[in-house]
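>>> Fold the stuff below for me.
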Amino acid sequence: MPSVLIIDDTGFLKDGDSSACVSRQYTGTAGNVTNCQAGVSLHLASDRASAAVDWRLFLPENWDPASPKADPDKVARRKPCGVPVEVGHVEKWQLALDMIDETRS
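Numbers count the residues shown, from 1 in each chain. Take a look at the predicted model:
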């Protein structure tokens with residue numbers, strides 16, 4: 001039986017412009033600000049095992065056309081990268097809370 005929930009954010013180092021949500025941002029994976037995607041994951045764990053049960057790709061503010069920090073080049077990449085129109089920027093902590101709520105329900 002799982003005894004704890006674990007939230008983690010992870011960076012996926014990227015070069016080029018083919019992947020969704022790539023931006024210059026801090027990632028512990030590199031230990032600094034670099035070009036990467038970031039994901040937030042939720043894991044269930046016990047003293048014997050753990051399993052990832054949910055994860056979300058983080059959409060930076062500069063990818064959100066509704067944000068004052070929107071970057072026109074990144075906003076234009078949304079469609080070719082398959083980012084749905086209704087998806088906007090959500091802070092990582094809020095992504096984590098949403099996953100916890102959905103998992104607990």
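>>> From now on I want contacts and neighbour counts done on CA atoms only, so please keep to that.
Fine.
>>> got a list of what the residue positioned nearest the centre of the chain touches?
In the chain, the centroid-proximal residue (CA atoms, centre = their mean) is F58; its distance is 2.3 Å. With contact taken as CA atoms under 8 Å, 6 or more residues apart in numbering, F58 is in contact with 21, 37-40, 89-92.
>>> Would you mind putting these into TSV with secondary structure alongside?
Shown next, in TSV, are the contacts of F58 (DSSP: H, G, I helix; E, B strand; the rest coil):
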residue	secondary structure
C21	coil
Q37	strand
A38	strand
G39	strand
V40	strand
H89	coil
V90	coil
E91	coil
K92	helix
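>>> With respect to D73, which of those residues is nearest?
C21 (11.7 Å; CA to CA).
>>> distance of the closest one from A51?
Note on C21: its distance to A51, by CA to CA, to the nearest Å, is 25 Å.
>>> okay, the two: which has more neighbours?
The neighbour comparison of C21 against A51 (other CA atoms under 10 Å) goes to C21, with 25 against 13.
>>> Surely the more buried one touches R56?
No - counting by CA atoms under 8 Å, R56 is not a contact partner of C21; they are 11.4 Å apart.
>>> So D54 is in contact with M99, correct?
Yes - applying CA under 8 Å, one finds D54 in contact with M99, separated by 6.8 Å.
>>> which neighbours do the two share?
With contacts taken as CA under 8 Å, 6+ apart, the residues that reach both D54 and M99 are L42.
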